[in-house]
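K.L.:
Quick check, what structure comes out for this input:
(one chain, ligands or ions: 1)
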Amino acid sequence: MVFDVSEESTLVVTISPPEKLDKTTVVRGLSCEWRGQTTEYEGQPVLVIENKHCRAVVAYQGAQVLEFQRRGHAPLLWLSEASNFLPKRAIRGGIPLCFPWFGQHPTDPSILSHGFVRNLPWTLYHVTEDDSGHVLTFTFRDNEETRAIWPHAFNAMLEIRLGQSLELKFSVANVDKKPFDFTFAFHSYFAVDQITQTKVVGLENTPFFDQLAPEKGFHQLERFPIEFHAETDRIYQRATGEYQIVQEHSKQRALIDAPDCSSAIVWNPWIEKTARLGDMDKDAWQNMLCVECGKVGAEVVTLGVSKVVSFTLTLASSFPEESLI
Ligand SMILES: O=P(O)(O)OC[C@H]1O[C@@H](O)[C@H](O)[C@@H](O)[C@@H]1O
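P.N.:
Numbers count the residues shown, from 1 in each chain. This next block holds a predicted model:
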């Protein structure tokens, strides 16, 4: 959805506080009486949030959710035990946000992949807490460093709702004097018991591009849920945004709902690529799976001057008898 700045989206464009905050505890910065706790993962500042619904860990860098676990459930997300947590280096796991480009830079392959916002610190702008859980709001603005590699003025906001499910709302405002194009993805890493016994449901009959066999082009289709027997790196387009990760020996499913995201990426690096990545243990490919939602490839977003666009992602772990999303 794209709004005019004059309407609902003033919050994102001006980064001004919401008018009314009934029944919530509001804190700014870190001097707060709320059950969030700032700590560090190997020098990287993170927030640990616990409420009656869940436990979560969120890094200031990239406003990246690193861990999410609903009470009584297994962890939903995978976080590499070999991630180095160095400032300005991508953290392997959780939900990195790829923006303003996904994958290789559109014109210069020497520039870092998946954009820059996952590598830079965001500002914790606002926190609310009520019976349904916590909402953390992080903001990010262009600066001299970002303009040197992407010459556009923008404001971004990520609202993270931590309750029975995990909900992310990513908004971008164009505060420049000309339109700009971007691609992006919620690059979610899910924890799985064993990748060879895991399926992804919801991408059947959806055209995909195999990044490992680019010569085959874009019009491959499969009729059945995706199974994993080798390295997998696919970009789906015109997708519904609604998927499930189903595991053979576990009743727990991961439910994914991203109604505004028509692109999906499914990635598992398998044995050799894992060995090439410096921040994954050699067997870790067996216990992780990325099912990412966004706008990538040909599904570029063009954002006009003074326009704001928002995308939501809801993730939940669920047992078959429940329906959360
Ligand atoms: O190592 P990075 O930059 O975090 O990227 C990891 C993977 O991210 C996936 O989204 C891509 O489809 C893969 O091609 C890529 O290898």
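K.L.:
Find the helix or strand that the residue in the stretch 51-200 of the chain positioned nearest to the ligand is a member of.
P.N.:
For the stretch 51-200 of the chain, the residue closest to the ligand is residue 113, as judged by C-beta to the nearest ligand atom, at 4.3 Å. For every residue, glycine as well, the C-beta is placed using N, CA and C. Element membership of residue 113, judged by DSSP states H and E, is empty: it is in no helix or strand.
K.L.:
Roughly how far does it sit from residue 210?
P.N.:
18 Å (C-beta to C-beta, to the nearest Å).
K.L.:
any low-confidence regions in the stretch 201-325 of the chain?
P.N.:
Applying pLDDT under 70 to the stretch 201-325 of the chain flags residues 320-325.
K.L.:
The residue lying closest to residue 212 once chain neighbours are set aside: what's it in contact with?
P.N.:
Spatially, and ignoring its direct neighbours in sequence, residue 212 is nearest to residue 233 (5.3 Å; C-beta to C-beta, 6 or more residues apart in numbering). Shown in contact with residue 233 (C-beta atoms under 8 Å, 6 or more residues apart in numbering): 210, 211, 212, 265, 266, 267, 269.
K.L.:
Correct me if wrong: the second one contacts residue 234.
P.N.:
Yes. The pair residue 211 and residue 234 passes the contact test of C-beta atoms under 8 Å, sitting 6.7 Å apart.
K.L.:
Is the residue in the stretch 201-325 of the chain positioned nearest to the ligand within a helix or a strand, and which one?
P.N.:
Proximity of the stretch 201-325 of the chain to the ligand (C-beta to the nearest ligand atom) peaks at residue 267, 4.3 Å away. Applying DSSP H and E as the criterion places residue 267 in strand 263-268.
K.L.:
right, and the helix or strand after that strand?
P.N.:
helix 270-276.
K.L.:
for that following helix, packing partners?
P.N.:
Helices and strands touching helix 270-276, as assessed by 3 or more C-beta pairs under 8 Å, 6 or more residues apart in numbering; DSSP states H and E, are absent.
K.L.:
quick check, that helix touching the ligand?
P.N.:
No. Applying C-beta under 6 Å from any ligand atom, one finds helix 270-276 separated from the ligand by no less than 7.1 Å.
K.L.:
Buried residues in that helix, which are they?
P.N.:
270, 274 (16 or more other C-beta atoms under 10 Å).
K.L.:
List the contacts of that helix.
P.N.:
Here helix 270-276 has contacts from 230, 231, 232, 280, 282, 283, 284, 285, using C-beta under 8 Å, 6+ apart.
K.L.:
Mind doing that once more with 7 Å?
P.N.:
Helix 270-276 has contacts (C-beta atoms under 7 Å, 6 or more residues apart in numbering) with 230, 231, 280, 282, 284, 285.
K.L.:
How far does that helix sit from its chain's centre?
P.N.:
Relative to its chain's centre, helix 270-276 lies at 23 Å (C-alpha atoms, centre = their mean, to the nearest Å).
K.L.:
Would you mind pulling up the elements that whatever helix or strand comes next after that helix packs against?
P.N.:
For helix 270-276, the following helix or strand on the C-terminal side (DSSP H and E) is strand 288-295. Counting by 3 or more C-beta pairs under 7 Å, 6 or more residues apart in numbering; DSSP states H and E, the packing neighbours recorded for strand 288-295 are strand 184-186, strand 189-191, strand 242-247, strand 263-268.
K.L.:
Identify, by residue count, the longest strand of the protein.
P.N.:
As assigned by DSSP state E, the longest strand anywhere in the chain is strand 307-318.
K.L.:
chain center to that strand: distance?
P.N.:
That offset, for strand 307-318, works out to 9 Å (C-alpha atoms, centre = their mean).
K.L.:
With stretch 252-271 instead?
P.N.:
Centroid separation between stretch 252-271 and its chain, computed with C-alpha atoms, centre = their mean, is 10 Å.
K.L.:
what's the spatially closest residue to residue 219 that is not a sequence neighbour in contact with, if anything?
P.N.:
Closest residue to residue 219 apart from its sequence neighbours, by C-beta to C-beta, 6+ apart: residue 207 at 5.4 Å. Residue 207 makes contact with 218, 219, 220, 221, 237, 238, according to C-beta under 7 Å, 6+ apart.
K.L.:
tell me the phi and psi of residue 207?
P.N.:
Here is the backbone geometry of residue 207 (degrees, to the nearest 10): phi -60, psi 140.
K.L.:
buried ones in stretch 296-310?
P.N.:
In stretch 296-310, counting by 16+ other C-beta under 10 Å, buried: 296, 297, 299, 301, 303, 306, 307, 308, 309, 310.
K.L.:
Strands of the stretch 1-150 of the chain, residue ranges please.
P.N.:
Using DSSP state E, counting those that start in this stretch, the strands of the stretch 1-150 of the chain run over 2-4, 36-41, 44-50, 54-59, 64-70, 97-98, 123-130, 133-141.
K.L.:
Kind regards, and thank you for your time.
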